[in-house]
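In: any chance you can model this:
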Amino acid sequence: MTAARRVRIARKTLEAQDVCSFELAAADGGALPTFSAGAHIDVHLEGGLVRQYSLCNDPREMHRYQIAVLREPASRGGSIAMHALREGQELRISEPRNHFPLVLHARRHLLLAGGIGITPILAMAERLAGEGAAFEMHYCTRSAERTAFAPRIRASGFAPQVRFHHDDGPAAQKLDIAALVARPDPDAHLYVCGPSGFMEAVLSAARAAGWTQPALHREYFAGTAGKGDGDGDSAFDVQLASSGALIRVSPDQTVVAALAAAGVQVPVSCEQGVCGTCLTRVIAGTPDHRDLFLTDNEHARGDCFTPCCSRALSLRLVLDL
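Out: Prediction:
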């Protein structure tokens, strides 16, 4: 995806162990486009890297975007490149996009963050507090030293609605997920972001307790989608509905790459099945979903897929291209 604008790093702050926040201001000094709680931006880095980071400041602010990045030694380079940036440097970013929006008509909101998953959850808390909405927030981290934005949260007007939970803390303060979601409220919506294991534990417990799927919302981070490196994958064909052309997808090739080799360009961003930029309608055939963008119900319908990482269970997929 083409970057929309240039921004300047106005401030870089160490928020917790291995977590830096970046305050981004428009390079021309003007206002930035509005965004909604749960939105993210693409950040374009050297070497062609593009990474998605959730906006964590108050959505009412127009003079800045704030993101936070956990330095991951085993990352594919994005977090290390971000941590090497300095105040005053300029970056290219996309317009904000939101695949994790609040359901504002809900009467109650349950926010759960694990580690760096606090970023979209924090913007949600800011928005809900500004609306005077009923919400409760739980923030789980390994330790107090790894709890980004703790001073900001404790100084906020919504501090009484927040509970901190640390893995290395006393048993009494650890999050009891089953107890938290034990009584589903038809007027409540649950939002969770963090490591995949944490999110699956929350969502599994909520489903078991009787929460309905439309009331459950999650945001995955890039790097957790996909199934392996292609070993054991089979070749299949994709057919373009517009022309009838058949394009072969080899075992070690993505659908996006096969289409590009045939001169068919599909817009991509994360290339890991997280952002939904490349989402394509499937007219016939059965997708092998490997994304973390679509819901379980959307996977079951099989009428769209993410060609950046997903494949086919059938010998052919007919695409609306």
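In: pLDDT weak spots in the stretch 101-250 of the chain?
Out: Applying pLDDT under 70 to the stretch 101-250 of the chain flags the ranges 221-232.
In: tell me where it has helices.
Out: Residue ranges of the helices in the stretch 101-250 of the chain, as given by DSSP state H, counting those that start in this stretch, are 118-131, 150-154, 177-180, 196-209.
In: point out the most buried one among those.
Out: Compared across those, helix 118-131 shows the largest average neighbour count, a mean of 23 (mean count of other Cβ atoms under 10 Å). C-beta here means a position set from N, CA and C on the backbone, and glycine is covered the same way.
In: what is that helix packed up against?
Out: Packed against helix 118-131 by the contact rule (3 or more Cβ pairs under 8 Å, 6 or more residues apart in numbering; DSSP states H and E) you find strand 50-54, strand 65-70, strand 108-114, strand 134-141, helix 150-154, strand 188-193.
In: got the domain ranges for this structure?
Out: Per automatic domain parsing, the structural domains of the chain span 5-93, 108-219, 236-319.
In: of the helices of the stretch 101-250 of the chain, which is nearest residue 255?
Out: Residue 255 lies closest, by Cβ to Cβ, to one member of those: helix 196-209, at 23.3 Å.
In: looking at the protein, which strand is longest?
Out: Longest strand in the chain by number of residues, with DSSP state E as the criterion: strand 5-16.
In: list the neighbouring strands of the helix or strand that comes right after that strand plus their orientation.
Out: Following strand 5-16 in sequence order, the next helix or strand is strand 19-26 (DSSP states H and E). According to DSSP bridges, strand 19-26 forms sheet pairs with strand 5-16 (antiparallel), strand 65-70 (antiparallel).
In: output whatever helix or strand comes next after the shortest one as PDB, nothing but the C-alphas.
Out: Just to be clear, that refers to strand 65-70. Sequence order places helix 78-83 as the next helix or strand after strand 65-70, per DSSP H and E. What follows is helix 78-83, C-alpha atoms only, in PDB (Å, rounded to 0.1, in the frame of the first residue of the first chain):
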ATOM      1  CA  GLY A  78      10.600  -4.300  12.100                       C
ATOM      2  CA  SER A  79      10.900  -3.800  15.900                       C
ATOM      3  CA  ILE A  80      14.600  -3.600  15.800                       C
ATOM      4  CA  ALA A  81      14.500  -1.000  13.000                       C
ATOM      5  CA  MET A  82      11.900   1.000  15.000                       C
ATOM      6  CA  HIS A  83      13.900   1.000  18.200                       C
END
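In: helices or strands next to helix 78-83 in the packing?
Out: Checking 3+ Cβ pairs under 8 Å, 6+ apart, helix 78-83 ends up next to strand 19-26, strand 50-54, strand 65-70.
In: how about these in CSV, adding distance to residue 148, mean pLDDT and mean neighbour count?
Out: Formatted as CSV, those follow (distance: least, Cβ to Cβ, whole Å; pLDDT from 0 to 100; neighbours: other Cβ atoms under 10 Å):
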stretch, distance to residue 148, mean pLDDT, mean neighbour count
strand 19-26, 4, 97, 20
strand 50-54, 12, 89, 24
strand 65-70, 6, 96, 23
